[in-house]
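S.K.: predicted model follows, preceded by the sequence.
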Amino acid sequence: MSSQQLTTEMLGYPHDARLLIINCDDFGMCYSGNLGTIRSMQDGLASSCSLMMPPAWNMHAVQFLRENAEVHFAVHLTALSEYTHYRWRPLTPAEKVPTLVNEDGYFLADDEFDEIVRRADCRELEVEFRAQIEAVLGCGLDPTHLDSHYHLHASRSDIFDLTVGLAREYGLALRATRAVNDATYSSTRFVNDATYSQVMERARNMEYPVLDHPVLDSGSLVPAEICSHLEKLLRELPAGLSEWALHPGVATDELRAVMSAPKVPGRTGTPEQRQADLDFATSDEAASIVETEGIQIISYEALQPFWK
């Protein structure tokens, strides 16, 4: 892929086409989050979602995907657990992945993200990532791509290379971008900027289609401003392929309990932020802007054949 060629052209669209993937991250995390994802997919603009296998509500998400085979989704590779009172463990026995877990056998939390990046053994990550992919396939599901919780696969060059290798092996596309973060799209808010730039240099040199612009991660946005801010960004969407990673949810007592004690306040989002994501994804105004602006909503299904 030429460094000057947009992915839109690689996919057969005109150079000035404005393509957008709207993805719902964290499918399977909890019931209220699952409801938000399902509504965003069925009644809104979302074109794909990302399935987490370690959390307790994974089978609710799996059942929806079994019953709705037309829904495109990623395996959301997971190696951290961000809440104080609601935790999850690796699918692999803890003694086989000791660098990924704490003394109680749970994934480390997001306040230890730098520690995860420092100490995670890539061989152990491969074992756990494979276990998660195989668990999804074992449920009879057919994912289109890989991405990761907290963008962990972009946190270290060797982890990125591992994930690229898994994507190629399993014939799945990968969430990757050849653009660096900017003030508008602060996607990898947990990843060191210098490391992220190195990883994205690798993405730019791949022959596979990747995102032309940084991923927008809604977790970095102010809840009260999400709808108006995203509507503004829709109108300003640049030519090329973009992805927005939303985290929709219904702000129930369950979601408030799950998110009541984050390890780092303000860094994992809030119930109000997840409700605002759902409100945006299902709003008539957002749908109208997409139509008026000629934006084409696609999914990773369009990218997957290049990775097979």
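M.R.: Good, I have the coordinates. Numbers count the residues shown, from 1 in each chain.
S.K.: now do the helices in the chain.
M.R.: Per DSSP state H, the chain carries helices over the ranges 7-10, 31-43, 58-67, 113-119, 122-138, 157-170, 193-204, 226-235, 253-258, 271-281, 284-293, 304-307.
S.K.: pick the most deeply packed of the ones you listed.
M.R.: Among the helices of the chain, helix 271-281 has the highest mean neighbour count (mean count of other C-beta atoms under 10 Å), at a mean of 24. (Glycine included, C-beta is placed from N, CA and C.)
S.K.: packing partners of that one?
M.R.: helix 31-43, helix 226-235, strand 240-246, helix 253-258 (3 or more C-beta pairs under 8 Å, 6 or more residues apart in numbering; DSSP states H and E).
S.K.: what lies in contact with it?
M.R.: 22, 24, 32-33, 36, 39-40, 44-46, 218-219, 221, 223-224, 226-227, 230-231, 246-252, 255-256, 259, 286 (C-beta atoms under 8 Å, 6 or more residues apart in numbering).
S.K.: okay, now the unreliable bits of the protein?
M.R.: For the chain, the stretches with pLDDT under 70 are 1-4, 180-201, 203-204, 261-268.
S.K.: so what's the gap between the lengthiest strand in it and the chain middle?
M.R.: Assignment by DSSP state E gives strand 18-27 as the longest strand of the chain. Going by C-alpha atoms, centre = their mean, to the nearest Å, the spacing between the C-alpha centre of strand 18-27 and its chain's C-alpha centre is 8 Å.
S.K.: only the buried residues of that strand, if you could.
M.R.: Neighbour counts over strand 18-27 (16 or more other C-beta atoms under 10 Å) mark Arg18, Leu19, Leu20, Ile21, Ile22, Asn23, Cys24, Asp25, Asp26, Phe27 as buried.
S.K.: looking at those residues, spot the one nearest Arg89.
M.R.: Asp26 (16.7 Å; C-beta to C-beta).
S.K.: from Cys49, how far off is the closest one?
M.R.: Asp26 is 9 Å from Cys49, where distance means C-beta to C-beta, to the nearest Å.
S.K.: list the residues that contact both of those two?
M.R.: Common neighbours of Asp26 and Cys49 (C-beta under 8 Å, 6+ apart) are Thr37.
S.K.: quick one, phi/psi of the residue nearest to Met41 when sequence neighbours are not counted?
M.R.: Ranked by C-beta to C-beta, 6 or more residues apart in numbering and with sequence neighbours excluded, the top spatial neighbour of Met41 is Val71, at 5.8 Å. Per-residue torsions, Val71: phi -80, psi 130 (degrees, to the nearest 10).
S.K.: I'd say Val71 and Ala61 touch.
M.R.: No: contact between Val71 and Ala61 fails when scored by C-beta atoms under 8 Å: they sit 10.3 Å apart.
S.K.: picking up where we left off before, contacts only, for the residue nearest to Met41.
M.R.: With C-beta under 8 Å, 6+ apart, Val71 has these contacts: Met41, Ser48, Cys49, Phe64, Leu65.
S.K.: again, 7 Å this time
M.R.: Neighbouring residues of Val71 by C-beta atoms under 7 Å, 6 or more residues apart in numbering: Met41, Cys49, Leu65.
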